[in-house]
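Visitor: could you look at this predicted model? Sequence included:
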Amino acid sequence: MPPLSADSVVSALRSAGCVFAEDEAELILSTARTPDEAAAMVDRRVAGLPLEHVLGWAEFHGLRVSVEPGVFVPRRRTEFLVDQAVALARGASVVVDLCCGSGAVGAALAASLGGPQLHAADIDPAAVRCARRNVAPFAGHVHEGDLFAALPDMLRGRVDILAANVPYVPTQEVGLLPAEARDHEPLVALDGGADGLDLVRRVAAEAPRWLAPGGCLLVETSEHQAPLAVEAFARSGLIARLAVSDERNAHVVTGVRP
C-alpha cells in the first residue's frame, strides 16, 4: 500500500479523540517500518490501545523502554522518583526495582548510577519478560514473585536503593481511570487495595530487613495518601520524608534505614 500521509494519520487520530494527534502521528510514522505496519498501528491506536503499546516503547528518563501489550506503561511523573533515588544514592552498589513492571525504573537507575548490581522483581509473568529485555543492557537480574519473596536471600541487608513503584490506586477508583489504563493494563499493577496503600504498608514493614545501613526505600503515592505512607515508613523504623514535584504532580515518600 502507498505510504500514509501525516495529515491522514492526524485526522484519524483526532477523530478518535487523541488530544496530541500531531505528536502521535509523528511517532507512529517514524516508528513504523512499512506502510502496512503504519496503517496497523493507526488502527490499533484508534481502537484505544495506549500509544506506548502501539509503538512498542515508552520514553522514560532519557531511555527508550520496551513496553508490550498487557504491561504497565511507565508514567513520566515516576521520573521524579528516579531523580530522588539518584540524589540519595551516594555510590550505591546494589539497587532493587520492586513491582518493576517493564523495568523502566531499574533501567533508569542503572543508567544514572553507572552500573550498580541491579535486581528487579514483579508478580506478573508478562512484566518479567518485558523487564528482562530492558535491564539486559545493564546486566540486571529479574525475578518473578510477590514482592520480597521473589528476591534472592543474599540481598538481605545489602540493598542501597529500593525503589518500589507499587500500585496505589484505591480499589473503588480503578474504574475511574482512563480507559487506556483500565482496559489495557493489568489490574495487579493498578489496584492498591481499599485505600490504595496495602502494598505500601507491606513494603515498608519488610524493607528494613533488606536495606543496608543508610539504604533508602522510595515509593510513589498520591497527595492525599502521602501522610499515611510517611507514617507507615516511620512505624517501620525508617527516617521518612516526603518529596513533592508540583511540575510533575508527583509525590515520593523516602525512608532511610538508620
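Guide: Yes, it's here. Numbers count the residues shown, from 1 in each chain.

Visitor: L27 reaches L55, doesn't it?
Guide: Yes. Here L27 reaches L55: they are 6.1 Å apart, a contact under C-beta atoms under 8 Å. All C-beta atoms are positioned from the backbone trio N, CA, C, and that covers glycine.

Visitor: more neighbours: which of the two?
Guide: L55 (22 against 19; other C-beta atoms under 10 Å).

Visitor: pretty sure the more buried one sits against T31.
Guide: Yes. Using C-beta under 8 Å, L55 is in contact with T31, at 5.1 Å.

Visitor: got any residues that touch both of those two?
Guide: M41 (C-beta atoms under 8 Å, 6 or more residues apart in numbering).

Visitor: what segments of the stretch 101-250 of the chain are helices?
Guide: Assigned by DSSP state H, counting those that start in this stretch, the stretch 101-250 of the chain shows helices spanning 104-113, 125-135, 179-184, 198-206, 226-235.

Visitor: where in the stretch 151-258 of the chain is pLDDT low?
Guide: Along the stretch 151-258 of the chain, segments meeting pLDDT under 70 are nowhere present.

Visitor: go again using 90 as the cut-off
Guide: The model of the stretch 151-258 of the chain has pLDDT under 90 over residues 179-180.

Visitor: which residue comes closest to L228 once chain neighbours are left out?
Guide: L197 (5.8 Å; C-beta to C-beta, 6 or more residues apart in numbering).

Visitor: for the residue positioned nearest the centre of the chain, grab phi and psi.
Guide: The centre of the chain sits closest to P74, judged by C-alpha atoms, centre = their mean, with a distance of 3.9 Å. When read as degrees, to the nearest 10, the backbone of P74 gives phi -60, psi 140.

Visitor: relative to the whole chain's centre, how far out is stretch 244-252?
Guide: 15 Å (C-alpha atoms, centre = their mean, to the nearest Å).
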